[in-house]
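*Asks:* could you look at this predicted model? Sequence included:
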Amino acid sequence: MPGDGASIAELRKALQATQLHLYEIRNDNRRLKRDNALLKAKQPTQAWASAIPKEVIAHDEEIGKLAKKYGIMVDMSWTLQNAMHQHLRKSRRKLENCMNSFPSTSIV
């Protein structure tokens with residue numbers, strides 16, 4: 001990029017280089033848009049769903065119900081475990097507080 005005191009010849013040269021660069025970028029952009037359009041055209045549509053055997057589709061609802069039950073059971077066991085750990089921690093603290101409240105006695 002020419003400085004403030006650049007000559008007209010230097011400015012023309014910089015302008016030509018910039019225009020050439022812009023031309024190359026526009027060509028790349030056109031090529032990318034064309035490639036993108038080709039890829040979109042080749043992309044599969046929803047027709048693949050019709051290729052699934054009817055036997056599998058018939059079990060879809062049952063699979064969904066079983067997955068939901070599994071999710072509930074896993075979540076419940078996770079919640080139950082957390083509740084048990086919290087209860088044990090509270091009980092342990094109560095026991096420690098109780099033990100600390102008694103004066104320590106030593107057997108002679």
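*Replies:* Perfect, I can see it now. Residues are numbered from 1 along each chain as shown.
*Asks:* now do the biggest helix by length in the chain: distance to the chain's middle.
*Replies:* Criterion DSSP state H: the longest helix present in the chain is helix 60-101. Chain-centre distance of helix 60-101: 28 Å, with C-alpha atoms, centre = their mean, to the nearest Å.
*Asks:* ditto for stretch 19-29
*Replies:* 35 Å.
*Asks:* quick check: mean pLDDT of that stretch?
*Replies:* Average pLDDT, stretch 19-29: 95.
*Asks:* would you mark the buried spots in that stretch?
*Replies:* Residues of stretch 19-29 classed as buried: none (neighbour count, 16 or more other C-beta atoms under 10 Å). C-betas here are computed from N, CA, C, even on glycine.
*Asks:* swap in stretch 86-101?
*Replies:* Within stretch 86-101, no residue counts as buried by 16+ other C-beta under 10 Å.
*Asks:* can you tell me the average pLDDT over that stretch?
*Replies:* On average, stretch 86-101 scores 77.
*Asks:* for it, output the C-alpha coordinates as CSV.
*Replies:* Extracted in CSV, the C-alpha atoms of stretch 86-101 (Å, rounded to 0.1, in the frame of the first residue of the first chain):
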residue,chain,number,x,y,z
GLN,A,86,-26.8,-36.5,51.4
HIS,A,87,-28.6,-38.3,54.2
LEU,A,88,-25.4,-40.2,55.1
ARG,A,89,-23.4,-37.0,55.2
LYS,A,90,-25.9,-35.3,57.5
SER,A,91,-26.0,-38.3,59.8
ARG,A,92,-22.2,-38.4,59.9
ARG,A,93,-22.1,-34.7,60.8
LYS,A,94,-24.7,-35.2,63.5
LEU,A,95,-22.7,-38.1,65.0
GLU,A,96,-19.5,-36.2,64.9
ASN,A,97,-21.1,-33.1,66.5
CYS,A,98,-22.5,-35.4,69.2
MET,A,99,-19.2,-37.1,69.8
ASN,A,100,-17.4,-33.7,70.0
SER,A,101,-19.9,-32.4,72.6
